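J.: give me coordinates for this.
(chains A and B)
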2 protein chains.
Amino acid sequence: MSLETSDNHNDLSGSVGLVKPQKVVIEQPLKLACGVTLPSHTLAYETYGSLNKDNTNAILICHALSGNHHAAGFYQDDTKPGWWDQYIGPGKPIDSNRFYIVCVNNIGSCFGSTGPTSENPQTGQPFGADFPPLRARDWVESQKLLMEHLNIDCWAAVVGGSLGGMQAMRWSLEHPEKLQHAVVIASAMKLTAQNIAFNEIARKAIKSDADFCDGNYLQHNKIPHRGLALARMIGHVTYLSDELMGQKFGRDLKAGDLLQGKTEPVEFQIESYLNYQGDKFSDFFDANSYILITKMLDYFDLAREYDHDPVAAFKHATCKFLVISFSSDWRFSPARSREITDALIAAGKNVSYIAIDSDHGHDAFLLPNQRYQQALGDYLSKLAEKIEDAQ
Amino acid sequence: MSLETSDNHNDLSGSVGLVKPQKVVIEQPLKLACGVTLPSHTLAYETYGSLNKDNTNAILICHALSGNHHAAGFYQDDTKPGWWDQYIGPGKPIDSNRFYIVCVNNIGSCFGSTGPTSENPQTGQPFGADFPPLRARDWVESQKLLMEHLNIDCWAAVVGGSLGGMQAMRWSLEHPEKLQHAVVIASAMKLTAQNIAFNEIARKAIKSDADFCDGNYLQHNKIPHRGLALARMIGHVTYLSDELMGQKFGRDLKAGDLLQGKTEPVEFQIESYLNYQGDKFSDFFDANSYILITKMLDYFDLAREYDHDPVAAFKHATCKFLVISFSSDWRFSPARSREITDALIAAGKNVSYIAIDSDHGHDAFLLPNQRYQQALGDYLSKLAEKIEDAQ
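T.: Just a heads-up that it's a prediction; the model follows:
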């Protein structure tokens, strides 16, 4: 248990409080989908709440492209809480008073788990671009090893947004007996050509940076900041809706003015905002991880091994499903969630689908929204009651 | 007249045939909106069809971001005709048998008219990044000087898609007595924050290329190919619809396969296509022109000088308007065309609006579409009849 609380922190009220990340070295070999075996791997993770006596109240939170294990609460030096603190905490939709909540930084990422910045034992140098290609199923298998380490036999729920939802769906097919519920938020069974296009442009931006050094930038004491910033800017625009950007920034100016007779540079607020977001991101995320995980997104295709038939795929699932979409999400549009729901219904599965009105685009899954909070909270509250009744 | 025809060219049937670009040095000083004056400037242009005896049948075609003066017909070595050959030619919607059609490469571009690659007379070096910032109204004023050179007193119509439509609207406000009709296709009265965001990312991609050299790459015998290719890739994705990319490329692979147990790189067709488009573009377009013209797009705001009231702005227009939009265009969505139409109606102007169903996104304005061809053809045919009746 990583949870600590402190009465001195006013801003901790309503949150899981002070948290500390944990690390575990998984000594079992992990055979990846590409055929390469990781002899061992490190996982950084956090937990919130307490495991009940039957170990039946554990929820796995699956992060997306740029996420990590710090989903809720505060580190000692944090000015902002973990990335899903709006939804995880005491009395929140994913209630840390009732559930034991686990969030792990997945392999290939760059926040403490084995990934491209880790030392390749065969060379003594960082893996860099040589880190083996990953699939969502590899994250699932690694999460399963952590699950065993934590003595959890079956997740009460596996929950995730975007790439996180893909992991939840993959769990339901690969280890149907290991989860009771899959909560699939703002996700898709596979990316569209447009999704892949934006990911490829982001990768190309990184690789075009002279400081990328074919992925071996760490050995050259360089960081492809400009390319990574560009990649993030591209991603960021696709996570926001046109409407929201209009409301938030419109055509407001940050510098210069548009009167005639002026040659000074003009900068719009949206330009300044995006540049700031890009620069900030390039300070903490790893470029090889970005390439690796966007490729994982592109490669994900839920039904590939089921003759491209999602109904045949979902026939293997035994858990119940909650599917949630957001109206202005054009990265993973509501149509994608309806496809998931339709396939689940056709496969005879138990599924609830909630379409949330929001103008926050794909990012909506991370942000406060009364109807979304209510729906997710009600769904998990019923699950908690059932678990508590069985104790 | 630049038109030549040759019976030896089978593929010239239905086109304006072989064409030759022309050049004129406009010796009148051109005071730009930014306050800088170009003492003289060169314009490359083409014409198709014949001017009637009263000089009343001239149509001005306004190109968009990456366009040029070669709108129709073939050069001797062309394998493909000009960029709007589907719409300009004998018997085509913009009928070269009835109209005298003028298309000019605008200043700041890179196909022969004065722009960043031209010599700055003050330094003897290319203007590069020092080319003065431009507005759509500067293109209009330059086009007006060409109009005088060609002895045209009033355009029968000013026609353009995208940034071309912005020029048509600006003509209607700045020189209302100089055009009879404005045809505004897939355009907008101003860009949204999302539009500006994509343009800024494209500019950032160019400026982040180490070969950009702060815009002085020509002096260093370099070309920022990678940055310009990226800029084009970003633009290209926003010109296509999600649906069309799905139909055209889906998740088809160009290289590798997605079976498990494979570490070889996987490339989707859409990645290959976009990379090809980006590389091809970077061979012929100028990076400073791209920056300059995307900024011109961002700065365009039809009603800025009219207290931000488009109805007040359009009150100055006296021409008739045809407004056309395409259903899957998310760069300049049908909502933008409806805003133009609503403002024109509120200003008491004569306007026809045609919403075309198409899955080709913003690019639809360049592509064959029966209803679009019919509508544009019918509109201009009535205009031609009126002009011919008055002869």
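
J.: show me where the stretch 51-200 of chain A has helices.
T.: Under the criterion DSSP state H, counting those that start in this stretch, the stretch 51-200 of chain A contains helices at A:136-149, A:163-174, A:193-208.

J.: and the shortest one, what other elements does it pack with?
T.: Using 3 or more Cβ pairs under 8 Å, 6 or more residues apart in numbering or on different chains; DSSP states H and E as the contact criterion, the neighbours of helix A:163-174 among helices and strands are strand A:58-62, helix A:136-149, strand A:157-161, strand A:181-185, helix A:287-299, helix A:310-314. Using the backbone N, CA and C atoms, a C-beta is placed for each residue, glycine as well.

J.: right, so of those, which gets closest to residue B:160?
T.: Proximity to residue B:160, assessed across the helices and strands packed on helix A:163-174 by Cβ to Cβ, is greatest for helix A:287-299 (36.9 Å).

J.: quick revisit: which of the helices of the stretch 51-200 of chain A has the highest mean neighbour count?
T.: helix A:163-174 (a mean of 26; mean count of other Cβ atoms under 10 Å in any protein chain shown).

J.: do you know the pLDDT at residue A:8?
T.: Note on residue A:8: pLDDT of 41.

J.: for the stretch 251-391 of chain A, which residues are neighbours of chain B?
T.: By the rule Cβ under 8 Å from any Cβ of the partner chain, the part of the stretch 251-391 of chain A lying against chain B is A:251, A:258, A:260-263, A:266, A:268, A:270-271, A:274-275, A:278, A:295, A:298-299, A:301, A:304-305, A:330.

J.: among those, which ones are in helices?
T.: Counting by DSSP state H, those place A:270, A:271, A:274, A:275, A:278, A:295, A:298, A:299 in helices.

J.: give me the below-cutoff pLDDT ranges for chain A.
T.: For chain A, the stretches with pLDDT under 70 are A:1-12.

J.: domain-wise, how is chain A divided?
T.: Chain A breaks down by automatic domain parsing into domains covering A:3-190+A:302-390, A:196-293.

J.: returning to that earlier point: buried among the residues of the stretch 251-391 of chain A next to chain B? Make that a ChimeraX selection.
T.: Under the burial definition 16 or more other Cβ atoms under 10 Å in any protein chain shown, those of those that qualify are selected in ChimeraX by:
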select /A:251,258,266,268,270,271,274,275,278,295,298,299,301,304,330
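
J.: that older thread, with respect to residue A:348, which of the helices of the stretch 51-200 of chain A lies nearest?
T.: Minimum separation from residue A:348 across the helices of the stretch 51-200 of chain A (Cβ to Cβ) falls at helix A:163-174, 13.8 Å.

J.: who are the contact partners of the residue nearest in space to the middle of chain A?
T.: Residue closest to the average C-alpha location in chain A (Cα atoms, centre = their mean): residue A:64, at 1.7 Å. Going by Cβ atoms under 8 Å, 6 or more residues apart in numbering or on different chains, residue A:64 touches A:160, A:161, A:162, A:163, A:164.

J.: in the stretch 1-150 of chain A, what residue comes closest to chain B?
T.: For the stretch 1-150 of chain A, the residue closest to chain B is residue A:35, as judged by Cβ to the nearest Cβ, at 4.2 Å.

J.: relative to strand A:181-185, how tilted is the host helix or strand of residue A:382?
T.: Per DSSP states H and E, residue A:382 falls inside helix A:370-390. With axes from the mean of the first three to the mean of the last three Cα atoms, to 10 degrees applied, the angle from helix A:370-390 to strand A:181-185 works out at 170 degrees.

J.: got the CA positions of helix A:370-390 in CSV?
T.: What follows is helix A:370-390, C-alpha atoms only, in CSV (Å, rounded to 0.1, in the frame of the first residue of the first chain):
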residue,chain,number,x,y,z
GLN,A,370,-21.3,15.4,-14.2
ARG,A,371,-23.1,12.8,-16.3
TYR,A,372,-19.9,10.8,-16.9
GLN,A,373,-19.0,10.9,-13.3
GLN,A,374,-22.5,9.8,-12.3
ALA,A,375,-22.6,7.0,-14.8
LEU,A,376,-19.2,5.6,-14.0
GLY,A,377,-19.8,6.0,-10.3
ASP,A,378,-23.2,4.3,-10.3
TYR,A,379,-21.9,1.4,-12.4
LEU,A,380,-18.9,0.8,-10.1
SER,A,381,-20.9,1.5,-6.9
LYS,A,382,-23.3,-1.4,-7.8
LEU,A,383,-20.2,-3.6,-8.3
ALA,A,384,-18.8,-2.5,-4.9
GLU,A,385,-22.1,-3.4,-3.2
LYS,A,386,-22.0,-6.8,-4.8
ILE,A,387,-18.4,-7.4,-3.7
GLU,A,388,-19.2,-6.1,-0.1
ASP,A,389,-22.3,-8.2,0.2
ALA,A,390,-20.2,-11.3,-0.7
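
J.: for chain B, what are the nearby residues on the stretch 1-150 of chain A?
T.: Contacts of the stretch 1-150 of chain A with chain B, taken as Cβ under 8 Å from any Cβ, map to A:33, A:34, A:35, A:36, A:132, A:133, A:135.

J.: and the helices and strands packed on helix A:163-174: which comes nearest residue B:380?
T.: Nearest to residue B:380, of these and by Cβ to Cβ, is helix A:287-299 at 45.0 Å.

J.: in the stretch 201-350 of chain A, which spans are strands?
T.: For the stretch 201-350 of chain A, the strands defined by DSSP state E, counting those that start in this stretch occupy A:253-255, A:267-268, A:320-326.

J.: what are the pairing partners of the last one, and which direction each?
T.: When you say that, I think you mean strand A:320-326. The strands beside strand A:320-326 in its sheet (DSSP bridges) come out as strand A:181-185 (parallel), strand A:351-356 (parallel).

J.: just how off-centre is that strand within its chain?
T.: Centroid separation for strand A:320-326 versus its chain: 16 Å, with Cα atoms, centre = their mean, to the nearest Å.

J.: likewise the second one?
T.: Relative to the centre of its chain, strand A:267-268 is centred 31 Å away, using Cα atoms, centre = their mean.

J.: quick one: contacts of it?
T.: Contacts of strand A:267-268 (Cβ under 8 Å, 6+ apart): A:249, A:251, A:252, A:253, A:254, A:255, A:256, B:193, B:196, B:200, B:298.

J.: for the fifth one, what are its contacts?
T.: Which is residue A:254. Per Cβ under 8 Å, 6+ apart, neighbours of residue A:254: A:267, A:268, A:269, A:271, A:272.

J.: of these, just say which sits nearest to chain B.
T.: Nearest to chain B among the contacts of residue A:254, with distances taken as Cβ to the nearest Cβ, is residue A:271, at 4.3 Å.

J.: list the residues that contact the closest one.
T.: Neighbour list for residue A:271: A:254, B:196, B:197, B:200 [criterion: Cβ under 8 Å, 6+ apart].

J.: just residue A:170 next, same as before
T.: For residue A:170, the residues meeting the contact criterion (Cβ under 8 Å, 6+ apart) are A:136, A:137, A:140, A:302.

J.: pull the most distant pair out of these.
T.: A:140 and A:302 (12.2 Å).

J.: how about stretch A:307-321: buried residues?
T.: By 16+ other Cβ under 10 Å, the buried positions in stretch A:307-321 come out as A:310, A:311, A:313, A:314, A:315, A:317, A:319, A:320, A:321.

J.: burial of the closest residue to the third one other than its chain neighbours, as a residue count?
T.: Spelled out, that is residue A:313. Nearest non-adjacent residue to residue A:313, counting by Cβ to Cβ, 6 or more residues apart in numbering or on different chains: residue A:306, 3.9 Å away. Residues near residue A:306, counting by other Cβ atoms under 10 Å in any protein chain shown, number 16.

J.: I figured residue A:306 was touching residue A:343, is that so?
T.: No. Applying Cβ atoms under 8 Å, one finds residue A:306 not in contact with residue A:343, separated by 10.4 Å.

J.: quickly list what's touching both of those two.
T.: Residues touching both residue A:306 and residue A:343 by Cβ under 8 Å, 6+ apart: residue A:313.
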